[in-house]
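**Student:** below are the sequence and a predicted model for it; my questions follow.
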Amino acid sequence: MKVFIDIGAHIGETLQEVRKPEYGFDKIYAFEPVIGNCGFIIDNFHDSRICILPYGLLNKTAELKVYNPGSDGATIFKNKKGVVENKLETVCQFIKASLWFKEDVNADDENIVKINAEGSEVAIINDLLSNDEYDKIDKIFIDFDVRKIPEMKHLEKKTIKKLEKLGYTNFVTQNDIKRRGKHPVDVAGNRIKDWLGDAKDS
């Protein structure tokens, strides 16, 4: 079975692309902790392959405050670039990524993952690596928003080096797409199209 796992689905920008028949996905998981965004996906994506999960993934299971919910930069990090003081905030549910992978991801499937978790991507990847669940991933696109958090931005390069040192070549980042001279890096659907197109041709 061919599976797509969208970690940080927002309002379905990636879903709009990956549900196209040419990609051949049999199952599509959409993680989105902001309930209003989940409602938007439910109302606008009528596809039996899409399983909407109303929580986020992290390196622990917890209820956490999310700043600027509903925006395309909603985050658990108050000091992330773009977070506006005194704007709307809400409490959302998060579950430990490795536990979900252990229970719901089959290593025999073709598992393709996108992470756009507004700063939480490093914690998710490290949790999967530490608990021997990362190997279930065939291909992964990582959007490193951790670079927008001043005291954490160094973790982008550290995580890439860690993956390379462990011998993983199954990942690309937003910089990889940008360097190819294709679509602007800030256009979510186009980034996914470029990445999946390359993956399909390789």
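**Tutor:** Done, it's in.

**Student:** check contacts around the residue nearest the centre of the chain.
**Tutor:** In the chain, the residue lying closest to the centroid (CA atoms, centre = their mean) is residue 115, at 1.8 Å. Applying CB atoms under 8 Å, 6 or more residues apart in numbering to residue 115 gives the contacts 7-8, 121, 124-125, 140-143. For every residue, glycine as well, the C-beta is placed using N, CA and C.

**Student:** closest to residue 79 out of these?
**Tutor:** residue 121 (16.5 Å; CB to CB).

**Student:** wait, that closest one touches residue 140, no?
**Tutor:** No. The criterion here is CB atoms under 8 Å, and residue 121 misses it with residue 140 at 10.0 Å.

**Student:** from the contacts of residue 115, which ones fall inside helices?
**Tutor:** The helices, defined by DSSP state H, take in 121, 124-125 from the contacts of residue 115.

**Student:** could I get the contacts of residue 115 as CSV with distance to residue 109 and pLDDT?
**Tutor:** CSV is the format used below for the contacts of residue 115 (distance: CB to CB, whole Å; pLDDT from 0 to 100):
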residue, distance to residue 109, pLDDT
7, 16, 97
8, 21, 94
121, 22, 95
124, 19, 98
125, 19, 98
140, 14, 96
141, 18, 95
142, 20, 95
143, 23, 92
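
**Student:** got the residue ranges for the helices in this structure?
**Tutor:** 13-18, 35-44, 97-104, 121-130, 155-165, 174-179, 188-201.

**Student:** redo those helices as JSON lines? Include mean neighbour count and distance to residue 55.
**Tutor:** Output for these, formatted as JSON lines (neighbours: other CB atoms under 10 Å; distance: least, CB to CB, whole Å):
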{"stretch": "helix 13-18", "mean neighbour count": "20", "distance to residue 55": "17"}
{"stretch": "helix 35-44", "mean neighbour count": "15", "distance to residue 55": "9"}
{"stretch": "helix 97-104", "mean neighbour count": "18", "distance to residue 55": "9"}
{"stretch": "helix 121-130", "mean neighbour count": "21", "distance to residue 55": "13"}
{"stretch": "helix 155-165", "mean neighbour count": "15", "distance to residue 55": "23"}
{"stretch": "helix 174-179", "mean neighbour count": "16", "distance to residue 55": "24"}
{"stretch": "helix 188-201", "mean neighbour count": "18", "distance to residue 55": "21"}
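
**Student:** between those helices, which one is closest to residue 78.
**Tutor:** Among the helices of the chain, helix 121-130 sits nearest to residue 78 (CB to CB), with 15.9 Å.
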